[in-house]
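Peer 1: sequence and predicted structure, then a few things I'm wondering about:
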Amino acid sequence: MGDLEVIHFYYEVIMKNYIIPIFIPHYGCQNQCVFCNQHKITAMQTDVTAEFINETINRHLSGINKERHIEVAFYGGSFTALNIKKQIELLTPAYHFLKNDKIHAIRISTRPDCISKTILDNLLKYGVSIIELGVQSLDNQVLAASQRGHNKESVFTAVQCIRQTNLKLGIQLMPGLPKDNLLQMMNTVYQTLKLKPDFVRIYPTLVLVNTKLATLFYEKQYVPLDLDTAVKYCAIMKLLFERNHIPVIRVGLQATEALDNHEVVIAGPYHSAFGEMVDMYLFNIMISQFFEGLNIKGKEVIIHHHVKDTSKVRGMKNTNTNTWYRTFQLQNILFKQDSMKIGQIEVECNGEQYILNLNIISNI
Ligand code: SF4
């Protein structure tokens, strides 16, 4: 299923990709997962037809005035749980644009228990090249408590089936579901690593209005992760994936008007800059650990970093910087934007230079 990533794909640009999102809220869903409310989040009321898709793609294309890698992405439902006729109806207009080189890829997201060779053959026939599985957890107790309607074995079978094709595979995980805990989350990460997906997205669980999770929350039967804990857990997850060369292309949902509304997000670790907070946390841990091994009291240090990492290294409102001043009694910390890679920094101190990488933090 498309799950909650639907939100952040509103006109999202990843690298130089331009995503044309086609929201199909709850299309194909055979059950109601406790955390999900796609209608509220997508604010999508229109019936999705071939004509609607055609118009949507054309509208986006007319607004793109430079070379981009353009993808059409179907989100918010269980694409492959739709009957084949409806899948073909939805894919045909996108495939038409693909064949005419107007777009460059088609991606769909779906549930793990709606994958078969016949379904995959059909997706390939209509030009789909990326499939995202809403896995959420690889703990059967967590999946049952979330009323996902499938177990972890369905995930393994689906992945095996997908791996026999040349489809790119993405896996979406949701730490903090009912009955989840740190041990189970880490277990999910280790099992996901074995599946070797091409990329991962991590969305900490939020309590959305008009969901069973909201009822459980009000009845005090479900306690969401608090923001600090969610940042820490997601940081650990991200680190484990990236250390194993699996890119984490998104952590936390992109801020939208719907999510900023407390009547929509009732509780849970929502922050408009959640992904940045995770990276700030990781930079703080990495640099603090490094400073601990040096004699730098009363000294000046210079931190070189990539321009895109500026706020992540310094921390929100300079929280990381202030922590280092306080903890290590530094005389001065200078920041320099230069040609470092993203996630990499060079520290100059005591007349020496040291290169540090986010994905080699040793102790978190
Ligand atoms: S399968 Fe569950 S999570 Fe996915 S869109 Fe349907 S209700 Fe939401």
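Peer 2: Received it, and whenever you're ready, just let me know what you need.

Peer 1: can you list the weak-confidence ranges in the stretch 101-250 of the chain?
Peer 2: Counting by pLDDT under 70, the stretch 101-250 of the chain shows no low-confidence range.

Peer 1: let me see the ranges of the helices in it.
Peer 2: 117-125, 140-145, 152-162, 182-195, 212-218, 227-243 (DSSP state H, counting those that start in this stretch).

Peer 1: indicate whether whichever strand in the chain runs longest makes contact with the ligand.
Peer 2: Criterion DSSP state E: the longest strand present in the chain is strand 128-136. Yes - Strand 128-136 is in contact with the ligand by Cβ under 6 Å from any ligand atom, via residue 134. C-betas here are computed from N, CA, C, even on glycine.

Peer 1: so how far is residue 90 from residue 304?
Peer 2: Distance, residue 304 to residue 90, using Cβ to Cβ, to the nearest Å: 48 Å.

Peer 1: between those two, which is the more surrounded one?
Peer 2: residue 90 (26 against 19; other Cβ atoms under 10 Å).

Peer 1: can I get stretch 338-351 as PDB, trimmed to CA atoms?
Peer 2: Coordinates of each C-alpha in stretch 338-351 appear next as PDB, following Å, rounded to 0.1, in the frame of the first residue of the first chain:
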ATOM      1  CA  ASP A 338      33.500  23.400   1.500                       C
ATOM      2  CA  SER A 339      33.900  20.500  -0.800                       C
ATOM      3  CA  MET A 340      33.200  17.700   1.800                       C
ATOM      4  CA  LYS A 341      30.800  15.000   0.800                       C
ATOM      5  CA  ILE A 342      27.300  15.100   2.400                       C
ATOM      6  CA  GLY A 343      27.600  13.300   5.800                       C
ATOM      7  CA  GLN A 344      31.300  13.800   5.900                       C
ATOM      8  CA  ILE A 345      33.200  16.400   7.900                       C
ATOM      9  CA  GLU A 346      36.800  17.400   8.400                       C
ATOM     10  CA  VAL A 347      37.900  18.500  11.900                       C
ATOM     11  CA  GLU A 348      41.000  20.700  12.300                       C
ATOM     12  CA  CYS A 349      42.400  20.900  15.800                       C
ATOM     13  CA  ASN A 350      45.800  20.800  17.500                       C
ATOM     14  CA  GLY A 351      47.400  21.300  14.100                       C
END
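
Peer 1: before we move on, back to that, tell me what angle the longest strand of the chain forms with helix 152-162.
Peer 2: Computed by axes from the mean of the first three to the mean of the last three Cα atoms, to 10 degrees, the angle separating strand 128-136 from helix 152-162 equals 170 degrees.

Peer 1: shift numbering so it begins at 55
Peer 2: Shifting the count to begin at 55 puts that one at strand 182-190.

Peer 1: strand 182-190 - contacts with which helices or strands?
Peer 2: Helices and strands touching strand 182-190, by 3 or more Cβ pairs under 8 Å, 6 or more residues apart in numbering; DSSP states H and E, are strand 159-164, helix 206-216, strand 222-227.

Peer 1: between these, which one is closest to residue 305.
Peer 2: strand 222-227 (10.0 Å; Cβ to Cβ).

Peer 1: next SSE after the longest helix along the chain?
Peer 2: Taking DSSP state H as the criterion, the chain has its longest helix at helix 328-346. Scanning forward in sequence from helix 328-346 by DSSP states H and E, the next helix or strand is strand 354-359.

Peer 1: buried ones in the next helix or strand after that next one?
Peer 2: Scanning forward in sequence from strand 354-359 by DSSP H and E, the next helix or strand is helix 364-368. Using 16 or more other Cβ atoms under 10 Å as the burial criterion, the residues of helix 364-368 that qualify are 365-368.
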